[in-house]
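Test case, fold it:
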Amino acid sequence: MRAWAVVENGAPLQEIELPTPEPTGTQVLLETTHCGVCHSDLHIWEGFYDIGGGRKMSLKDRGVVLPLAMGHEIVGRVKKLGPEAHGVAVGDLRIVYPWVGCGQCEPCRSDEDNMCLQPRSLGVYQNGGYGTHVLAPHPRHLVDPGNVDPAVAATYACSGITVYSAIRKVMPLPPDEAVVVVGAGGLGMNAIAVLKAMQHRNIIVVDVSAEKRDAATRAGAAKTIDGNGEDVAKRIMQACGGPVLAVIDLVNGTATARFAFDALRKGGRLVQVGLFGGELSLPLPLMAIRALTVQGSYVGTLKDLRALVTLAQQGAVQPLPVATVPQREANDALMRLRDGKVTGRLVLRSEAA
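So this is what the prediction gives:
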């Protein structure tokens, strides 16, 4: 199989040949048709996360091995089945749930593979959708996109379920209660769509880009706020009529985490999703006095993916703005994302699509 792979961290992706996997047991081999380009791919390509104070967490130390075909927002067509794989047929088009684990622990047995302590995620610890083929460990990790555009459906495997899971952590709230979404990239656009599908009306979006704020308004945000400069928390409270109950930080850098926390009202919840990096110092007495919650949220479960795809098939979720590019242009797509030149999502389209 061909792959556009990370061979050296921070260097251009290289087109290389890799052995095409042979499915055994319950495994399913798929030929990639579409794969979203995600901000997480940038961190994997760089080889580290910024954890603040000049410190970096090496991904090689966490088990990421090069060369690696990244890509975890995958749609593919079933090519070959292991002898114990049932429930799908050769030729079926499927979304691939990429956040796979050991398959044996309680989270994995409960369709919460993303919480497994031995992650084997596609595009991170195994080759993913920047290659022409991917290997799913079990048919249960495959979801039928039905009538959903496969380029849009691919984004649900990460961007979609990530915001769906984060939103569930702040719900239920009255439809007119402000929910603040920090970041109006692909995740932010999907967050607006999912909130609207849940009949939520008061969606407030913060971003540093005027172009992305305009896109958020077109997508259905009630108000947008410039995330540049000082006093962002003050601008949020002015727009919302006071401190807020819910902030979902899809950027999650030092600056965004600070203003998100400062904008919370008593009983408020900050859900941290993004991996931009840095660190946050919290005034501990306020955590108790104001009964605040700061909670991380990591992608989503297989159950989340099934639920989100069902909503999309029913027409309840507005499709994310996507632009498809040939899979062979994976490196250019990654650099466009790095340089902040993407509104919505870039999706790689293979020759097999």
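
Domain boundaries for the chain, per the record?
What the record gives for the chain is the domain set 2-158+300-349, 159-296, from automatic domain parsing.

Turn the ones you listed into JSON lines, including mean pLDDT and mean neighbour count.
Yep, even glycine has a C-beta here, placed from its N, CA and C like the rest. Conversion of those to JSON lines gives the following (pLDDT from 0 to 100; neighbours: other C-beta atoms under 10 Å):
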{"stretch": "domain 2-158+300-349", "mean pLDDT": "97", "mean neighbour count": "19"}
{"stretch": "domain 159-296", "mean pLDDT": "97", "mean neighbour count": "20"}
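
which residues touch residue 175?
Listed by C-beta atoms under 8 Å, 6 or more residues apart in numbering, the contact set of residue 175 reads 199, 200, 201, 202.

And residue 78, by the same measure?
The contact partners of residue 78, taken as C-beta under 8 Å, 6+ apart, are 28, 29, 30, 88, 89, 90, 91, 92, 93, 94, 142.

how about 10 Å then?
Taking C-beta atoms under 10 Å, 6 or more residues apart in numbering, we find residue 78 in contact with 23, 28-31, 85, 88-94, 136, 139, 142.

Between all of those residues, which two are separated the most?
With C-beta to C-beta as the measure, no two of the contacts of residue 78 lie farther apart than 23 and 93, at 17.3 Å.

any chance you could map the helices in the chain?
In the chain, the segments counted as helices under DSSP state H are 39-46, 106-109, 150-155, 161-170, 186-197, 210-219, 232-240, 254-262, 284-289, 302-313, 330-338.

Summarise which helices and strands the third one is packed against.
Counting contacts by 3 or more C-beta pairs under 10 Å, 6 or more residues apart in numbering; DSSP states H and E, helix 150-155 packs against strand 28-36, strand 73-81, strand 93-96, helix 186-197, helix 302-313, strand 322-326, strand 345-349.

Compare the ones you listed and report which one is nearest to residue 228.
Minimum separation from residue 228 across the helices and strands packed on helix 150-155 (C-beta to C-beta) falls at helix 186-197, 16.0 Å.

what's the angle between that closest one and helix 330-338?
Interaxial angle, helix 186-197 versus helix 330-338 (axes from the mean of the first three to the mean of the last three C-alpha atoms, to 10 degrees): 70 degrees.

quick one: residue 62 and residue 124 touch, right?
Yes. Here residue 62 reaches residue 124: they are 9.1 Å apart, a contact under C-beta atoms under 10 Å.

ok so, going back, mind putting the helices and strands packed on helix 150-155 into CSV with distance to residue 235?
Output for those, formatted as CSV (distance: least, C-beta to C-beta, whole Å):
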stretch, distance to residue 235
strand 28-36, 31
strand 73-81, 32
strand 93-96, 38
helix 186-197, 17
helix 302-313, 31
strand 322-326, 30
strand 345-349, 27
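
how about these, which one is nearest residue 266?
Between the helices and strands packed on helix 150-155, helix 186-197 lies closest to residue 266; by C-beta to C-beta that is 22.8 Å.

That closest one - contacts with which helices or strands?
Counting by 3+ C-beta pairs under 10 Å, 6+ apart, helix 186-197 packs on helix 150-155, helix 161-170, strand 179-182, strand 203-207, helix 210-219, strand 244-249, helix 302-313, strand 345-349.

Out of the ones you listed, which is closest to residue 319?
Across these, closest to residue 319 is helix 150-155 (C-beta to C-beta), at 4.6 Å.

next one: that closest one to chain centre, how far?
12 Å (C-alpha atoms, centre = their mean, to the nearest Å).

Just the C-alphas of that helix, formatted as CSV.
Presented in CSV, the C-alpha positions along helix 150-155 are these (Å, rounded to 0.1, in the frame of the first residue of the first chain):
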residue,chain,number,x,y,z
PRO,A,150,-18.6,10.5,3.0
ALA,A,151,-16.3,13.6,3.1
VAL,A,152,-18.5,15.0,5.9
ALA,A,153,-19.0,11.6,7.5
ALA,A,154,-15.2,11.2,7.8
THR,A,155,-15.0,14.3,10.1
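
I'd like to know how far the residue nearest to residue 278 when sequence neighbours are not counted sits from residue 272.
The shortest distance from residue 278 to any non-neighbouring residue, by C-beta to C-beta, 6 or more residues apart in numbering, is to residue 254 (3.3 Å). According to C-beta to C-beta, to the nearest Å, residue 254 stands 12 Å off from residue 272.

same thing with residue 220?
24 Å.

coming back round to it: now tabulate the helices and strands packed on helix 186-197 in a markdown table and tack on distance to residue 46.
Putting the helices and strands packed on helix 186-197 into a markdown table (distance: least, C-beta to C-beta, whole Å) gives the following:
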| stretch | distance to residue 46 |
| --- | --- |
| helix 150-155 | 22 |
| helix 161-170 | 20 |
| strand 179-182 | 22 |
| strand 203-207 | 22 |
| helix 210-219 | 22 |
| strand 244-249 | 21 |
| helix 302-313 | 27 |
| strand 345-349 | 18 |
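
Between the ones you listed, which one is closest to residue 74.
Residue 74 lies closest to helix 150-155 among the helices and strands packed on helix 186-197, at 6.2 Å (C-beta to C-beta).

circling back to that earlier point, any idea which of the helices of the chain gets closest to residue 128?
Proximity to residue 128, assessed across these by C-beta to C-beta, is greatest for helix 39-46 (9.0 Å).

tell me what the closest one is packed against?
So helix 39-46, by 3+ C-beta pairs under 10 Å, 6+ apart, packs with strand 48-52, helix 330-338.
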